[in-house]
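> return a 3D structure for these sequence lines:
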Amino acid sequence: MKIVIDATGGILGRIAAYSAKQSLLGKEVIVVNCNEALITGEKNAIVEKYRRLRRMAGWSLKGPKILKTPERIMKRTIRGMLAHKKGRGSDAFKRIKCYNKIPNEFENVEKIELKRELRVKAHALKRIEELI
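Predicted coordinates:
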């Protein structure tokens, strides 16, 4: 069974937690519009966190490479919520796909939206990508 999640206006952590849980239950999860997902908090703190993560990854020519595109940030956040080094978590992680736009095959499919009213500062992943 496939679940298509529209990340537009949704909070990154909530989308990631829901995706991880559904994947562990054996469902294939497709997250679309990842560049429209929101991260809450101060912009400078968020940017510094991802810059530090990229610096800690090591020498840029050898790796490991930390990619900064919104769909890769989403996928890495989901990976952090799974036991990806164990069999069950690894299988669950393989069932997750993330896209910046809606692929043609999922345009007419019913999508789940995980939106909430925000009372704090939030920034879209596409904006964070430009600043990293």
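> what residue is smack in the middle of the protein?
For the chain, the residue nearest the mean C-alpha position is residue 74 (1.3 Å; Cα atoms, centre = their mean).
> hang on, that residue in a helix?
Yes. Assignment of residue 74 by DSSP: H, G, I helix; E, B strand; the rest coil places it within a helix.
> for it, give me its contacts.
Residue 74 is in contact with 7, 12, 15-16, 31, 34, 37, 98, 125, counting by Cβ atoms under 8 Å, 6 or more residues apart in numbering. In this view, the C-beta of every residue, glycine as well, is placed from N, C-alpha and C.
> helices - which of these land there?
If you go by DSSP state H, those have 12, 15-16, 125 in helices.
> quick one, grab the pLDDT at the spatially closest residue to residue 111 that is not a sequence neighbour.
Among residues not flanking residue 111 along the chain, residue 6 sits closest, at 4.1 Å (Cβ to Cβ, 6 or more residues apart in numbering). With respect to pLDDT, residue 6 has a value of 94.
> for residue 6, list each beta-bridge partner.
Taking DSSP bridges as the rule, residue 6 bridges to residue 32, residue 113.
> just confirm it contacts residue 109, I think it does.
No. Using Cβ atoms under 8 Å as the test, residue 6 is too far from residue 109 to be in contact (10.1 Å).
> residues near residue 63, how many?
The tally of other residues near residue 63 (other Cβ atoms under 10 Å) stands at 9.
> the chain should start at 224 in everything you say after this.
Noted, 224 is the first residue going forward, which turns the last one into residue 286.
> ok, now how distant is it from residue 317?
According to Cβ to Cβ, to the nearest Å, residue 286 and residue 317 sit 21 Å apart.
> which one's more surrounded, residue 229 and residue 332?
A count of neighbours by other Cβ under 10 Å puts residue 229 above the other of residue 229 and residue 332, at 22 against 13.
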